[in-house]
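Student: Fold the following for me, if possible:
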Amino acid sequence: MNAQQTSWREALQVYAKPAALRMFFLGFASGLPLLLVLGTLSFWLREAGIELHVIGMVTWVGLAYGFKWVWAPLVDRLPIPILSRLMGRRRSWLILSQCMVAVSLLAMAFCDPKQALQPMVIFTLITAFASATQDITLDAYRIECAPAHEQAALAATYQTGYRLAMIWAGAGSLALAAFFADGNLAYDQSAWKAAYSIMAASMLVGIVTVFLSPEPKTEVSLKRGALSAERLSQYQQKYPNHSHRRAQLSVWFYEAALLPFIDFFSRYRWQAVTILALIATYRISDVVMGVMANPFYADLGFSKEEVAAVSKVFGLIMTLVGAFAGGAIASRIGVMRTLFLGGLLSAATNLLFSALALRGHDTAFLVLTVSADNFAGGLASAAFVAYLSGLTNVAYSATQYALFSSVMLILPKFLAGFSGVAVQSVGYATFFTATAAIGVPVLILVVLAGVVRKKKTPHEAASGTVQD
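Tutor: Next up is the predicted model:
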């Protein structure tokens, strides 16, 4: 644990710093596309008459988030012509990916899944790819713009913006679709077109923030340049017959694609298995359950207006409380203890969905369920982002964090694809109970990972602090 715990006042003061405020708006841009290609889209598809098992499989486009480590080395090392020279490496990639998200969301708005599902799936996949690219860059930006002891607070404001965007993309888009809908029609494509067009315009929040934000300054670039020159010289001495261009490409590939992974596994060796197992399963109960949440509300008879109202009011409040509580608690008692608490609450709140399935259409119980779920999600996410940031070496921040966050999503997203089949087989109540049960082994992994955490991480070493 921390050698010296901070006071509650010191833990809260960091939220007023410019970096923390910037992360709130950038977190909003990061969180906006997620539900628009998953949960909200599933509601749209269900209303259009798409079968549950098809909806579950469509959510496999979310696996793009699980494989972003594949192209993360390019984001980490490859400059964008002209744009990178004008804005810097991180900001240029952020602008490019955010514009791609906005355009592809707009394209989704003009699709009608009831008439042709394939174009919708294609544009959804493009949105997910662009969103994952934005996440790669933004994670690196967050890690590089503040020291290790501020990462929990940055994670909290990032997650607050992220969760707020999810509410806007979830409850907000449902409310917009209901507002623009023709009450005489059971399904109105024009209403969803208007809702997704407004969602596309909402990406301007992130775009404007990037233009107003500074490029992070680290000493890594200078050290990296010196090491690259040394490796190039060694390569040319070893292979004198190779052209200079071939030598440059070989060294670049080694540094961009191999070194980030070599660094992580050389630091943790066999203990890396425990870390990756925790990362792969920490959000499993939330992700698997979340895909069926909106179809569940629809099948229970809740209207779009009811779901939007509950999520917008109670979901928003409890998300903000959970995220800020997670950041403050992590700064006060340590990341690992907060991580354990978040995992416990995330699994337990799924049982409320099971109870709601048994109670039926009960608005008061829906309020309780959504409130508890959002509080647990906000707290757990803030602690988890801080934990992953602490594992990252700032020399390879984009690639290593992409590896961690990809591992975090691959298994949950894969299992979530079968969620519709599971619900059709066992019913909602049993399904939600099962998602709570699969969160229990995660708590054991948190305890085991806490032992590994005692080792000083590179990001903490760079800032001269040791956490947990």
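
Student: Would you map the strands across this protein?
Tutor: Read by DSSP state E, the chain holds no strands at all.

Student: remind me which residues of the stretch 101-250 of the chain are low pLDDT?
Tutor: Within the stretch 101-250 of the chain, the stretches with pLDDT under 70 are 147-149, 218-229.

Student: change it to 50
Tutor: 219, 222 (pLDDT under 50).

Student: residue ranges for the helices of it, please.
Tutor: 117-144, 151-167, 173-180, 189-202, 204-212, 220-238, 244-253 (DSSP state H, counting those that start in this stretch).

Student: what sits against E306?
Tutor: 297, 363, 366 (Cβ atoms under 8 Å, 6 or more residues apart in numbering). Where C-beta positions appear, they are placed from N, C-alpha and C, glycine not excepted.

Student: For the last one, which non-adjacent residue is closest in space?
Tutor: Setting aside the residues directly before and after it, L366 is nearest to V310 in space (Cβ to Cβ, 6 or more residues apart in numbering), at 5.5 Å.

Student: Equivalent analysis for the first one, please.
Tutor: Nearest-residue entry for Y297: V307, 4.9 Å, with adjacent residues in sequence omitted and distances by Cβ to Cβ, 6+ apart.

Student: what residues are up against that neighbour?
Tutor: 171, 174, 294, 297, 366.

Student: next one: A280
Tutor: Applying Cβ under 8 Å, 6+ apart, the residues near A280 are 407-408, 410-411.

Student: what's the answer for T363, then?
Tutor: 302, 306, 310.

Student: Confirm for me that the last one is in contact with V367.
Tutor: The one in question is V310. Yes - using Cβ atoms under 8 Å, V310 is in contact with V367, at 5.5 Å.

Student: Between the two, point out the one with more neighbours.
Tutor: Remark: of V310 and V367, V310 carries more neighbours, 21 against 16, as counted by other Cβ atoms under 10 Å.

Student: could you measure that one against S371, distance?
Tutor: Computed as Cβ to Cβ, to the nearest Å, the V310 to S371 distance reads 8 Å.

Student: Grab the nearest non-local neighbour of C145.
Tutor: Closest to C145 by Cβ to Cβ, 6+ apart is P216, at 4.4 Å.

Student: phi, psi of that neighbour?
Tutor: Here is the backbone geometry of P216 (degrees, to the nearest 10): phi -60, psi 140.

Student: thought it was touching L154?
Tutor: No - with contact defined as Cβ under 8 Å, P216 does not reach L154; the gap is 11.9 Å.

Student: what residues are shared contacts of these two?
Tutor: With Cβ under 8 Å, 6+ apart, P216 and L154 have common neighbours C145.

Student: Comparing the two, which residue is more hemmed in?
Tutor: The neighbour count for P216 versus L154, taken as other Cβ under 10 Å, is higher for L154 (28 against 20).

Student: Just confirm that one contacts R142, I think it does.
Tutor: Yes - when contacts are counted by Cβ under 8 Å, L154 is listed as touching R142 (5.5 Å).
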